[in-house]
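**Q** build me a model:
(chains A and B)
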Amino acid sequence: MKLQEPAAQPGASASTITSVQPRHLPALPNFIVKTLNITEWEIRKLRHDPTDLVTRAVQPALWLIIFGGVFSRIRAIPTNGVQYMDFLAPGILAQSVLFISIFYGIAIIWERDLGVIHKYLASPIPRASIVVGKALSAGVRALPQAVIIYLLALILGVHMNPNPLAILGVIVLVMLGAACFSTFSMIIACLLKTRDRVMGIGQVLTMPLFFASNAIYPIAIMPAWLQVIARVNPLTYVVDGIRMLMLYNAKIDLGSLGVDVLVLLVITTVLVSIGAALYPRIIQ
Amino acid sequence: MTAIIEVHDLVKRFGEHTAVNGINLEVEQGEVFGLLGPNGAGKSTTIKMLITLLPPTSGGALVAGYDIVRQTANVRRSIGYVPQALSADATLTGFENLLIFAKLYDLPRKIQAQRVNEVLAFVGLAEASKQMVQHYSGGMIRRLEVAQSLLHQPRVLFLDEPTVGLDPIARQAIWDHLLTLRSQTDMTIFVTTHSMEEADKLCSRVGIMHHGDIVALDTPANLKATVGGPETTLDDVFVHYAGDTLELGGSYRETSRARRAARRLG
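**A** From the prediction side, this is the model:
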């Protein structure tokens, strides 16, 4: 570490050497480029510090090994002939995506306290690309989770579909799910504005979203009122799509897969529009 | 000389609380202008309006010839901003921090790395550029942020309390870099501070803010002459214009109440 603060370097002028002529992109390419820039930022961060990826693997491992282990023995849940561990693995993947993403809003409160958001907002980046870039970043963060759960599932003998296209489909669904829940979390952060409150709301929401979905049991065995909630719960669509693509013997019904993707796309788009409008409010 | 910042009757209210009370101000191109005042005087709110983070309640301003309400995109392209907190990303290297912003500010791909290295060299961080920012000192982070704000050669550079929390040596380094900028370029520098020493060292003109009004506006030398004899310091000027605030308005409770109200009512 240097003890001396160096003086300004003569010759290395702040403005004279390289003439900076910013390029001007049309609105849509500009939006896409900036979104990818924000996402690149996140990938660079992950590359430098991958430690928390390991700690995040603990919870899904417990669900699969302990919960999955016990319920596989009693065969209490009708899963249409699928082994319970097979049925559970996609549900736990979706669950871990939810659990990571629903607290993503805390990150942007952190950024507000650091002044990073002030720098974003004082720069010419479109607001929507900040929000979509963050949502994609959450998607990138969720991908290692998918790798870990695939590995765990392999060890536990889950029968998985090795088709690369199917795996690509799982990746898309994981990223869509993460984008959806992280944007929701960012909206909460813009409204509530403190870390504690976002943490609190996140905790209140995760369990109902998880239990009112088809992650660990099929919708058919739920009481009628819960079935209604499960059908409007985005997590159900994430689970449904992943289950179809991840498991070896699952029938891939392109129609219902399309519905899953479409529902998630629509919800995420609506949330992103709300998020982009609310985002500047977080600094006020 | 031409005015690069023109402020007309600028007002910001947060509910009952008036943070900025109809100020008028002109800043000439190439000058270093200091906005002084105790905590809660309205400096930060003023700067936030000028850099398009907060919409004014009424009145307006032109920055680099663009309206801060109707031409926000143009204003944002013309300015650089160094926020009060040390906001660089600690989990990236100094070089990466700047590279991201070079991209976000649309620097052509060919010159991105070159320009980043150039501004890093300017603030004396060339050798540390591949280190993670978490190993930087506070002074180095601040210099990194100054470098970042210069990437796109802004016409006006806004700094919000740039030396708060820095040790005297690091503070001197920041001042040196800003003064070098001032002598080498025609960039205008707008700085908020509550350090009299800083205003005296850096600024060609200062405005003193008090309860949302600009109560004095002149060169440091003229302000000192107005208030007292040759021995007068800017500290005396400050106490003269904002004296009661030091006991009342500048208190922690007052400030935090104003900030809370501001946040709630947005």
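
**Q** going forward, measure contacts between C-alpha atoms and count neighbours the same way
**A** OK.

**Q** show me where the stretch 1-150 of chain A has strands.
**A** For the stretch 1-150 of chain A, applying DSSP state E, counting those that start in this stretch gives no strands.

**Q** if you could redo that for chain B, that was the one I meant.
**A** B:3-14, B:17-28, B:32-36, B:58-63, B:66-67, B:79-82, B:156-160, B:188-193, B:205-210, B:213-218 (DSSP state E).

**Q** quick one: closest of these to chain A.
**A** strand B:79-82 (6.7 Å; Cα to the nearest Cα).

**Q** close to chain A, is that closest one?
**A** Yes. Using Cα under 8 Å from any Cα of the partner chain, we find that strand B:79-82 touches chain A at B:80-82.

**Q** go on, stretch B:2-20?
**A** No. Legend: contact between stretch B:2-20 and chain A by Cα under 8 Å from any Cα is lacking; minimum distance shown is 9.9 Å.

**Q** tell me the buried residues in that stretch?
**A** B:3-8, B:10-14, B:18-20 (16 or more other Cα atoms under 10 Å in any protein chain shown).

**Q** of all those residues, which comes closest to residue A:103?
**A** residue B:14 (29.7 Å; Cα to Cα).

**Q** circling back: taking the buried residues of stretch B:2-20 together, which two end up most distant?
**A** B:3 and B:14 (29.1 Å).

**Q** possible to save the residues of strand B:79-82 next to chain A as a markdown table with distance to residue A:139?
**A** Converted to a markdown table, those look like this (distance: Cα to Cα, whole Å):
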| residue | distance to residue A:139 |
| --- | --- |
| B:80 | 31 |
| B:81 | 30 |
| B:82 | 30 |
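
**Q** check contacts around residue B:117.
**A** B:95, B:126 (Cα atoms under 8 Å, 6 or more residues apart in numbering or on different chains).

**Q** export the strands of chain B as JSON lines, with columns for mean pLDDT.
**A** JSON lines is the format used below for the strands of chain B (pLDDT from 0 to 100):
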{"stretch": "strand B:3-14", "mean pLDDT": "95"}
{"stretch": "strand B:17-28", "mean pLDDT": "94"}
{"stretch": "strand B:32-36", "mean pLDDT": "94"}
{"stretch": "strand B:58-63", "mean pLDDT": "96"}
{"stretch": "strand B:66-67", "mean pLDDT": "96"}
{"stretch": "strand B:79-82", "mean pLDDT": "95"}
{"stretch": "strand B:156-160", "mean pLDDT": "95"}
{"stretch": "strand B:188-193", "mean pLDDT": "94"}
{"stretch": "strand B:205-210", "mean pLDDT": "92"}
{"stretch": "strand B:213-218", "mean pLDDT": "92"}
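
**Q** wait, residue B:216 sits on residue B:222?
**A** No. Counting by Cα atoms under 8 Å, residue B:222 is not a contact partner of residue B:216; they are 10.5 Å apart.

**Q** ok, these two, which is more surrounded?
**A** For residue B:216 versus residue B:222, neighbours defined as other Cα atoms under 10 Å in any protein chain shown are more numerous around residue B:216 (17 against 11).

**Q** return the set of residues that bridge with the residue nearest to the more buried one when sequence neighbours are not counted.
**A** Spatial nearest neighbour of residue B:216, chain neighbours left out: residue B:208 (5.2 Å); criterion: Cα to Cα, 6 or more residues apart in numbering or on different chains. On the basis of DSSP bridges, residue B:208 is bridged to residue B:36, residue B:216.

**Q** let me know the pLDDT of residue 220.
**A** This is for chain A. On the pLDDT scale, residue A:220 is placed at 92.

**Q** try again with chain B
**A** Looking at residue B:220, the pLDDT reads 88.

**Q** burial of residue B:218, as a residue count?
**A** Neighbours of residue B:218 using other Cα under 10 Å come to 15.

**Q** correct me, but it touches residue B:203?
**A** No. Using Cα under 8 Å, residue B:218 is not in contact with residue B:203; the gap is 10.2 Å.

**Q** the helices in the chain, which residues?
**A** The chain I'm using is chain A. Taking DSSP state H as the criterion, chain A carries its helices at A:27-48, A:51-55, A:58-62, A:68-74, A:84-101, A:104-114, A:116-121, A:127-155, A:164-192, A:195-211, A:224-232, A:234-246, A:254-278.

**Q** look at chain B instead
**A** Using DSSP H, helices in chain B cover B:43-50, B:72-78, B:94-104, B:109-122, B:138-150, B:168-184, B:196-202, B:220-227, B:234-247, B:252-265.
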